[in-house]
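K.L.:
here is my input; please provide its structure:
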Amino acid sequence: MRLRLDLAYDGTDFHGWAAQPGLRTVEGELTAAVATILRLEEPARLTVAGRTDAGVHAMGQVVHVDLAPEQLDRAQGNTGREPEQALLTRLRGVLPPDVVVHRVAEAPEGFDARFSALSRRYRYLISDDPARLDPLRRHEVVALRTPLDVEAMNRAAERLIGLRNFAAFCKKREGATTTRTLLRYDWRRRDDGLLEATVLADAFCHSMVRALIGALVPVGEGRRGVDFPVDVLTAMSRDPRVKVMPAHGLCLVEVTYPEAGALAARAQEARAKREE
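P.N.:
Below is the predicted model of the structure:
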């Protein structure tokens, strides 16, 4: 059977999502916890909606894992609870405090945490006023010294929306496409003075979000014009003038999926796009 796990984590002390020998990762912690609780001889394979880099946080990460029913039943013990609820409770007791699983449920037929997803939404937080910088939020807010022009940044961001080749904002991976549909990219000034970027797309390639943020910061500072990011995009190659912003300001907020009956079709469509 396939389970869906919804979780959140503070990425500060992790070397990203993906398991790496000798390094602390979110996947490594979660895989070990599941194996311990269910007494698995071989670690279960986790499939994640979006691999986050070292230092990146998540509020709405989604994972699926395939287990035999008898394996899942081991989570119950003598509790009398449903296996999924028992596994959720025990995960909360085993996992470190910087990883929290909010929900465990049997996944609908055709569900794939990665390929069934319709969109991923990220948030990026910047403080551009040293007088209002909160040291208690230093692990999730990037501090800049120059005030940023939100209106100019939004004018520049809207030029990037749509189905495009984002090669200029991605670390190229062999055999992987860099074509993505950017559904939303905008900035707002929050009541607490922070600048918040919302970046929404069907999917993201490696380092894309932080590069998109980095392309807008010089516009907000007045060092580049509003056409700068789209000029970089059109060139379709990495531009040394675009700084990939620090990881700790970034958080995966939400992953959306279609209705249950459309999950398998969406997964098939997404796989075809990744193989272009």
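
K.L.:
could you list the domains of this protein?
P.N.:
When the chain is parsed with automatic domain parsing, its domains come out as 2-106, 119-258.

K.L.:
buried ones in stretch 262-274, by neighbour count?
P.N.:
Leu263, Ala264, Arg266, Ala267, Ala270 (16 or more other Cβ atoms under 10 Å). C-betas here are computed from N, CA, C, even on glycine.

K.L.:
one more: stretch 113-124?
P.N.:
So for stretch 113-124, counting by 16+ other Cβ under 10 Å, buried means Ala113, Arg114, Phe115, Ser116, Ala117, Arg120, Arg121, Tyr122, Arg123, Tyr124.

K.L.:
ok, the residue lying closest to Asp10 once chain neighbours are set aside to Arg92 distance?
P.N.:
Using Cβ to Cβ, 6 or more residues apart in numbering and skipping the chain neighbours, the partner closest in space to Asp10 is Asp98 (4.2 Å). Noted for Asp98: a distance of 13 Å to Arg92, by Cβ to Cβ, to the nearest Å.

K.L.:
more neighbours: which of those two?
P.N.:
Set Asp98 next to Arg92 and count neighbours by other Cβ atoms under 10 Å: Asp98 wins out with 16 against 13.

K.L.:
ok, the more buried one touching Tyr9?
P.N.:
Yes. Using Cβ atoms under 8 Å, Asp98 makes contact with Tyr9 at a distance of 5.8 Å.

K.L.:
okay, the domains of the chain in a markdown table with mean pLDDT next?
P.N.:
Below are these laid out as a markdown table (pLDDT from 0 to 100):
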| stretch | mean pLDDT |
| --- | --- |
| domain 2-106 | 95 |
| domain 119-258 | 95 |
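
K.L.:
just the helices in the chain please.
P.N.:
Ranges of helices within the chain are 26-38, 69-73, 83-94, 150-157, 208-221, 228-235, 263-274, based on DSSP state H.
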